[in-house]
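> Starting from these lines, generate the structure:
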Amino acid sequence: MDLLKKISSALGCWEKIGGAVLDTVYSTGLRLWNVEEEAEKLRRTEKRIRAVLTDAEQRRFIDDDFVKLWLQELRATAFDVDALLDRLTTMAAVSRMAAAETSRKRKRLWLNIDLGLRQRWELDAWIARINERLDEIEKGKRNLRLRPGDGRRTTPPLQQRQRFPEAAAHGDERHVGRADQKKKIIRALVSESAGLDLPVISIWGTAGIGKTALARLVYSDPEVEKFFTDSNRFWVWLPDRCDVRVATKTIIEAVTRQKCELLSLDILQQRLREHLRKRRFLLVIDNLWAEGFQFWESLRPSLIAGEEGSKLLITTRHERVSRMMSNILNSIQLEGLKDDECWEIVKAYAFSGWSSNDHHDLELIGQRVGANCRGSPLAAKSLGVLLSDTNGQREQWESILSDMQILEGNRNTDIILASLQISYQHLPYHLKQCFALCSMYPPSLEFDKDELVRLWMADGLIKSNGRKRVEMEAGS
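Numbers count the residues shown, from 1 in each chain. Below is the predicted model:
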């Protein structure tokens with residue numbers, strides 16, 4: 001039974017995939033003396049199945065839910081084959097260890113019996129299950145009546161991802177459309193505001209509208225730095241779900257630049273007051289979600305211990321968060337950018353390191369991309385970075401614009417998610433798997449990037465000639 005052929009034919013890519021392997025493994029059976037050979041066969045099988053999935057990734061925008069379910073089952077089978085391959089690799093290692101043990105014959109005999117009977121039976125049953133699943137996949141393919149052209153094929157994925165274009169990231173793009181708001185916030189921050197205990201300036205607006213970028217622009221402004229000094233400016237980011245104890249602890253760590261191990265809220269609040277006393281400070285709380293009045297009333301007493309002139313700058317998605325806070329000095333709503341302003345951001349990244357004057361045709365396409373960003377600077381930035389990786393290939397630019405217009409057709413589509421989805425879809429298949437593995441982390445969880453790199457390595461998702469090079473490239 002030509003298992004791989006029947007899988008690949010569903011997507012019309014048999015020329016690319018090759019012949020069957022799993023049947024050979026199943027009919028021959030697994031034996032200790034050739035387990036490494038069988039593992040190598042299965043390894044080739046896994047690569048061919050993943051080649052089918054790679055082809056499927058290039059035929060995205062498949063709207064048929066049954067086809068999507070069929071592809072999900074194919075992916076699940078690929079993971080099962082991968083797990084079986086891991087088992088074979090382990091068996092090969094154990095077999096080599098047993099063969100190297102020449103003086104302990106009883107141990108060798110036990111290993112041979114264990115691996116040769118029990119585990120061979122388990123593996124045969126495992127392979128049989130995979131065969132059954134592939135049979136079901138083949139039946140599903142026939143029922144779906146898939147054709148080689150099903151699903152719109154994209155241009156080839158971008159194989160070599162460049163590093164983030166630093167030349168365009170000096171901060172100029174953060175000024176676009178925000179000059180007036182910046183001046184207003186700075187004027188409020190450096191004012192004396194006599195008679196107010198810890199005046200609050202809030203920046204609020206939808207996700208990706210540029211709240212954090214504007215706050216960072218203000219935070220690093222020379223006039224603000226001079227007024228508060230570097231040792232009295234603190235920046236904290238709070239997770240979506242955060243109580244007063246976690247918030248207080250996070251602020252203490254920002255002020256002291258040290259890990260805080262205290263647990264009691266009373267002690268934490270007392271310690272924070274001690275650190276802020278006799279200091280004129282600027283505290284930026286980025287991503288404030290707490291909408292309950294009790295949260296602010298519990299946090300505020302510890303923050304008003306500073307000198308007169310201290311200020312609190314918050315960013316939030318919700319206007320009601322800023323309304324609940326007392327002593328609001330200024331509340332600024334950020335709205336979407338104009339189309340030409342979005343284009344300025346797209347251009348800053350897309351043409352990083354080279355002039356757009358020499359590519360008038362690309363500039364016209366880029367202007368249309370900017371117009372499809374719905375005023376979101378984050379969408380403009382992510383699409384600009386994606387365009388910069390195309391090396392000026394017009395076909396790639398047109399493909400990205402086409403993808404954007406397809407998603408733009410649904411006005412209910414979140415523009416941020418749409419732009420990130422397009423960036424994801426243009427990644428090579430193995431990098432998509434790296435991102436998919438990140439879904440194991442819950443939202444707002446702070447995790448160690450080195451741990452993530454090791455997980456990628458353990459799952460064989462990173463390709464490199466050396467371990468150190470892998471960790472350096474993936475962790476950068």
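> Kindly provide the distance from residue 203 to residue 434.
33 Å (CB to CB, to the nearest Å). In short, each C-beta sits where N, CA and C put it, glycine included.
> ok, now residue 179?
38 Å.
> who's more crowded, the two?
The neighbour count for residue 179 versus residue 434, taken as other CB atoms under 10 Å, is higher for residue 434 (18 against 10).
> Test my guess that the more buried one contacts residue 460.
No: between residue 434 and residue 460 there is no contact under CB atoms under 8 Å: 11.0 Å.
> burial of residue 247, as a residue count?
Neighbours of residue 247 under the rule other CB under 10 Å: 22.
> residues touching it, list them.
For residue 247, the contacting residues are 236, 238, 285, 290, 295, 299, by CB atoms under 8 Å, 6 or more residues apart in numbering.
> From those, which shows the smallest pLDDT?
Least confident of these in the model: residue 290, at 72.
> pretty sure that residue is in a helix, no?
No: per DSSP: H, G, I helix; E, B strand; the rest coil, residue 290 lies outside any helix segment and is coil.
> In contact with it, which residues?
238, 242, 247, 296, 321.
> rerun that using 7 Å as the cut-off
For residue 290, the contact set (CB atoms under 7 Å, 6 or more residues apart in numbering) comprises 242, 321.
> Distance check, it against residue 73.
43 Å.
> swap in residue 418?
From residue 418 to residue 73 the distance is 27 Å (CB to CB).
> before we move on, what about residue 189?
For residue 189, the distance to residue 73 - CB to CB - is 57 Å.
> Could you do residue 287 as well?
Relative to residue 73, residue 287 is positioned 38 Å away (CB to CB).
> okay, those two: which has more neighbours?
residue 287 (18 against 15).
> That one contacts residue 238, doesn't it?
Yes: Residue 287 lies in contact with residue 238 (CB atoms under 7 Å); the separation is 5.7 Å.
> mind giving me the domain split of the protein?
Domains of the chain are assigned by automatic domain parsing as 3-144, 178-333, 338-475.
> Please report how far residue 176 lies from residue 204.
19 Å.
> likewise residue 352?
31 Å.
> more crowded one of the two?
Neighbours were tallied for residue 352 and for residue 204 using other CB under 10 Å; the higher tally belongs to residue 204 (21 against 18).
> which phi and psi does that one have?
phi -130, psi 150 (degrees, to the nearest 10).
> I'd say residue 347 and residue 365 touch.
No: when contacts are counted by CB under 7 Å, residue 347 is not listed as touching residue 365 (11.4 Å).
> These two: which is more packed in?
residue 347 (22 against 18).
> just checking, what packs against the helix or strand where the more buried one lies?
Following DSSP states H and E, one finds residue 347 within helix 339-350. For helix 339-350, the contact count by 3 or more CB pairs under 7 Å, 6 or more residues apart in numbering; DSSP states H and E identifies helix 172-175, helix 360-371, helix 377-388 as packing neighbours.
> Pick the most buried one from those.
Counting by mean count of other CB atoms under 10 Å, helix 377-388 has the highest mean neighbour count of the helices and strands packed on helix 339-350, with a mean of 26.
> angle of it against helix 339-350?
Angle, helix 377-388 to helix 339-350, by axes from the mean of the first three to the mean of the last three CA atoms, to 10 degrees: 40 degrees.
> still on that earlier bit, tell me which of the helices and strands packed on helix 339-350 lies nearest to residue 308.
helix 172-175 (30.4 Å; CB to CB).
> Beyond the closest one, next helix or strand please.
Downstream of helix 172-175, the first helix or strand assigned by DSSP H and E is helix 179-189.
> So for residue 212, what's the pLDDT?
93.
> who touches the closest residue to residue 423 other than its chain neighbours in this structure?
Nearest residue to residue 423, sequence neighbours excluded (CB to CB, 6 or more residues apart in numbering): residue 386, at 4.9 Å. In this structure, residue 386 makes contact with 400, 422, 423, 426, judged by CB under 7 Å, 6+ apart.
> try residue 129
Shown in contact with residue 129 (CB under 7 Å, 6+ apart): no residues.
> roughly how far apart are it and residue 73?
From residue 129 to residue 73 the distance is 13 Å (CB to CB).
> where do the helices sit along the stretch 351-476 of the chain?
360-371, 377-388, 394-408, 415-425, 429-437, 449-458, 467-475 (DSSP state H, counting those that start in this stretch).
> Please read the previous query as pertaining to the stretch 101-250 of the chain.
Using DSSP H, counting those that start in this stretch, helices in the stretch 101-250 of the chain cover 105-113, 120-144, 172-175, 179-189, 211-219, 222-228, 244-256.
> Confidence-wise, which of those is weakest overall?
Mean pLDDT per stretch puts helix 105-113 lowest among the helices of the stretch 101-250 of the chain, at a mean of 48.
> Residue 330: neighbour count?
18.
> For it, list each beta-bridge partner.
Using DSSP bridges, the bridge partners assigned to residue 330 are residue 201.
> Show the contacting residues for it.
184, 185, 188, 201.
> low-confidence ranges in the stretch 201-350 of the chain?
Counting by pLDDT under 70, the stretch 201-350 of the chain shows low-confidence ranges at 291-292.
> 80 instead, please
Applying pLDDT under 80 to the stretch 201-350 of the chain picks out residues 230, 240-241, 290-293, 325-326.
> wouldn't residue 248 be in contact with residue 272 here?
Yes: the criterion here is CB under 7 Å, and residue 248 meets it with residue 272 at 5.7 Å.
> tell me, what's touching the two both at once?
Common contact partners of residue 248 and residue 272 (CB under 7 Å, 6+ apart): residue 302.
> returning to what we had before: the inter-axis angle of the helix holding residue 347 versus helix 360-371?
120 degrees.
> separation between the residue nearest to residue 423 and residue 215?
25 Å.
> can you check residue 335 too?
From residue 335 to residue 215 the distance is 16 Å (CB to CB).
> Name the residue in the two with the higher neighbour count.
residue 215 (21 against 12).
> tell me the contacts of the more buried one?
203, 284, 286, 313, 315 are the contacts of residue 215 under CB under 7 Å, 6+ apart.
> just to revisit the earlier point, of the helices of the stretch 101-250 of the chain, flag the one that's most buried.
When the helices of the stretch 101-250 of the chain are scored by mean count of other CB under 10 Å, the highest mean neighbour count falls to helix 211-219 (a mean of 21).
> could you dump that helix to CSV, C-alpha only?
The C-alpha coordinates for helix 211-219 follow below in CSV (Å, rounded to 0.1, in the frame of the first residue of the first chain):
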residue,chain,number,x,y,z
LYS,A,211,0.5,53.7,23.5
THR,A,212,3.7,52.1,24.7
ALA,A,213,5.7,53.6,21.8
LEU,A,214,4.5,57.1,22.7
ALA,A,215,5.2,56.5,26.4
ARG,A,216,8.8,55.3,25.7
LEU,A,217,9.3,58.3,23.5
VAL,A,218,8.3,60.6,26.3
TYR,A,219,10.2,58.6,28.9
